[in-house]
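Student: the following block contains a protein sequence and its predicted model.
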Amino acid sequence: MNIYDPYPTRICALGKRYRLDLEYDNVLRALDVQSATLPMLDKQEVMLRIFLHSAWRCPRDPRDQSELLLAILSLFPKSENKAQQRYIDFHQDARLIRSAFLRMGIDLTKERIHFFKFLELLADIPEDTALAKVIEIRQRPIPEPTKHNGKQIAALMEAKAKVAIQIPEEERRRKFAESLKNSQILRG
């Protein structure tokens, strides 16, 4: 994406043109659906209905739904490192995110901003916000132990424990089951 390109609001796929509703709250809802315990075909249909401005235009054929959803998802910025650790959780850090945006003059409860703009602003939150401080603690590496830094390491580990991203047990089990399933697929 170039600096002069507008945020995507339409997509051409399946020989049709679709209007998209990619406001930040819709995309976050779709991410919640993606992690829900629903059959894959149900997930893709619900996600499409969220992303499409006119949900009635959602294709009925599951293959068409899959193709359209992949086309929409291809619009999103790619993560440079898939194995990177998460330093922010949209649910756990919700109040901190809202507060940081308020400091930037944006009330997320009233304004509907495009998800791409939301990500850009989130990447540049002011350093003096509580969210920035929490992220900094989560990112800070634990130094190599020496005979002089034991208290510093203990304090950092305690701070990291206080702000750690909590993964629900159900999600942990699901990820483990998915990794087992993926390893079986890879083996053939």
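Tutor: Nice, thanks for sending it over.

Student: how about the strands in the protein?
Tutor: Ranges of strands in the chain, per DSSP state E, are 10-13, 16-19.

Student: among those strands, which comes closest to residue 102?
Tutor: strand 16-19 (29.7 Å; CB to CB). C-betas here are computed from N, CA, C, even on glycine.

Student: now do the buried residues in that closest one.
Tutor: For strand 16-19, the buried set under the neighbour-count rule, 16 or more other CB atoms under 10 Å, comprises residue 18.

Student: so where do the helices sit in this structure?
Tutor: Taking DSSP state H to define them, one finds helices in the chain at 24-34, 40-51, 62-73, 94-103, 115-122, 130-139, 150-163, 169-187.

Student: kindly reformat those helices as JSON lines containing distance to residue 17.
Tutor: Output for the helices of the chain, formatted as JSON lines (distance: least, CB to CB, whole Å):
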{"stretch": "helix 24-34", "distance to residue 17": "19"}
{"stretch": "helix 40-51", "distance to residue 17": "14"}
{"stretch": "helix 62-73", "distance to residue 17": "12"}
{"stretch": "helix 94-103", "distance to residue 17": "32"}
{"stretch": "helix 115-122", "distance to residue 17": "20"}
{"stretch": "helix 130-139", "distance to residue 17": "38"}
{"stretch": "helix 150-163", "distance to residue 17": "44"}
{"stretch": "helix 169-187", "distance to residue 17": "34"}
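
Student: including mean neighbour count, could those go into CSV?
Tutor: Below are the helices of the chain laid out as CSV (neighbours: other CB atoms under 10 Å):
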stretch, mean neighbour count
helix 24-34, 17
helix 40-51, 18
helix 62-73, 16
helix 94-103, 17
helix 115-122, 17
helix 130-139, 16
helix 150-163, 12
helix 169-187, 10
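
Student: could I get the ones you listed as JSON lines with distance to residue 6 and mean pLDDT?
Tutor: Listed next are the helices of the chain as JSON lines, based on distance: least, CB to CB, whole Å; pLDDT from 0 to 100:
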{"stretch": "helix 24-34", "distance to residue 6": "16", "mean pLDDT": "90"}
{"stretch": "helix 40-51", "distance to residue 6": "17", "mean pLDDT": "89"}
{"stretch": "helix 62-73", "distance to residue 6": "16", "mean pLDDT": "90"}
{"stretch": "helix 94-103", "distance to residue 6": "21", "mean pLDDT": "94"}
{"stretch": "helix 115-122", "distance to residue 6": "10", "mean pLDDT": "92"}
{"stretch": "helix 130-139", "distance to residue 6": "28", "mean pLDDT": "93"}
{"stretch": "helix 150-163", "distance to residue 6": "36", "mean pLDDT": "88"}
{"stretch": "helix 169-187", "distance to residue 6": "35", "mean pLDDT": "62"}
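
Student: of those helices, which is nearest residue 3?
Tutor: Nearest to residue 3, of all the helices of the chain, is helix 115-122, at 10.8 Å by CB to CB.

Student: same list, the strands of the chain, but as JSON lines with mean pLDDT and distance to residue 46 please.
Tutor: Output for those, formatted as JSON lines (pLDDT from 0 to 100; distance: least, CB to CB, whole Å):
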{"stretch": "strand 10-13", "mean pLDDT": "91", "distance to residue 46": "18"}
{"stretch": "strand 16-19", "mean pLDDT": "91", "distance to residue 46": "16"}
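
Student: great, nothing more from me.
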